[in-house]
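Trainee: build me a model from this:
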Amino acid sequence: MSYTAITRIGTDHTIWLKGFGFYKDELDIMESRLAEIASRNTTFEARQGVEHFQNQFIVQRNNIDELKHEVNLYVEKLGVDAQQHGGRMESNMVAGHAALHEKYEDFERVMNILRHEFNEFLSKWM
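Mentor: Prediction:
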């Protein structure tokens, strides 16, 4: 087995966990604005948009919960591995980190697209 220094992966997991909190707060704000639109606009088109964004917000909250769980499991596994190997980790843990990093970046891209689409919806109906 090959081992590498645990510092090689840095503190990305801490940044990701804080990011999840930020995005949950952002979803709360967007849901509040969506509720305003729903109360002011009762047209079919507006209701369709409201329902679409309600569903998207639910999906993204689920994505946050799932990714956060994956990160926490990884951090736990990383800690156990580092304890067992004197501050070093198995090299295959780096691949797990890279996969989580990619998932987090994909999630951020989706959130940015959702934010942009929601802002366009807001400008039309507010």
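
Trainee: quick check: mean pLDDT across the longest helix seen in the chain?
Mentor: When the chain is parsed with DSSP state H, its longest helix is helix 44-84. Averaged across helix 44-84, the pLDDT comes to 93.

Trainee: now for that helix, which elements pack on it?
Mentor: Judged by 3 or more CB pairs under 8 Å, 6 or more residues apart in numbering; DSSP states H and E, helix 44-84 is in contact with helix 12-40, strand 88-90, helix 92-125. (Each C-beta comes from the backbone N, C-alpha and C, glycine too.)

Trainee: show me the one of those that comes nearest D81.
Mentor: Proximity to D81 (CB to CB) singles out strand 88-90 among the helices and strands packed on helix 44-84, at 4.7 Å.

Trainee: could you measure from H52 over to I37?
Mentor: 12 Å (CB to CB, to the nearest Å).

Trainee: oops, could you answer that again for Q48 instead?
Mentor: Following CB to CB, the distance that separates Q48 from I37 is 12 Å.

Trainee: same question, E76
Mentor: Relative to I37, and taking CB to CB, E76 is found at 41 Å.
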